[in-house]
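# Starting from these lines, generate the structure:
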Amino acid sequence: MATAQLTPDNDAILAEVFIAAPPARVFEAIADPKQRDQWWGQKNVFHVVESKSDLRPGGKWSSDGVGPNGAPFHVEGEYVEIDPPRLLVQTRRADFVGEFETVVRWELEPRDVHGLHTAGAHRVGTGTLLRVRHSGFSGHLDQAKSHHEGWRGSLDWLRAFIEKGETMDSRS
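Predicted coordinates:
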């Protein structure tokens, strides 16, 4: 299960989750807009209808969708740093939060997944510790609190998509 905490200065959310898949697979699910549209969202609350992505430093990304009560939303930004499959840093501006920009830093660290066998512990595969730092909320406490709750759910959706194939449409 994902965890998330708000920094004491209320500027950033620190979230993390362990995913039983290699970093390359996790990076792909984050960076590929077609995959991101499958796991990011909540049925009858909000969902993305179109995403664009130019995955390179300075490249733009955007997502358009439908939010609560059928209201349209738009989220966009620019890729700042890309080091597959270890790091993705992007700016983020959402029309539903007001006129300020935040930065999302995705750090992916490989971890061994161990299982127990009658003969003792043995390696069964590679996993990923995903850490997210979403910063830039200073002076926007309401949005910091809202995003704090959102990151926990979003990372759990990502984990379920990668580990179980769950999509926004198949998730209960």
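
# following the helix-or-strand element of the chain with minimal mean pLDDT, which helix or strand comes up?
Each helix and strand of the chain was given a mean pLDDT (mean pLDDT, DSSP states H and E); the minimum falls on strand 120-135 at a mean of 79. As assigned by DSSP states H and E, the chain's next helix or strand after strand 120-135 is helix 141-164.

# Return the distance of that following helix from the chain's centre.
Centre-to-centre, helix 141-164 and its host chain are 7 Å apart (CA atoms, centre = their mean, to the nearest Å).

# The residue lying closest to D169 once chain neighbours are set aside and M168, how far apart?
Leaving aside its sequence neighbours, D169 sits nearest to K43 (CB to CB, 6 or more residues apart in numbering; 6.8 Å). C-beta here means a position set from N, CA and C on the backbone, and glycine is covered the same way. To M168, K43 is 6 Å away according to CB to CB, to the nearest Å.

# Settle it for me: which of these two has more neighbours?
Using other CB atoms under 10 Å, the more surrounded residue of K43 and M168 is M168, with 18 against 12.

# and the nearest residue to the more buried one once chain neighbours are set aside, how many neighbours?
With CB to CB, 6+ apart as the criterion, M168 has its nearest non-adjacent residue at 4.3 Å, and that residue is G41. For G41, the count of nearby residues is 23 (other CB under 10 Å).

# Now do the contacts for G41.
Counting by CB atoms under 8 Å, 6 or more residues apart in numbering, G41 makes contact with 47-48, 65, 157, 168.
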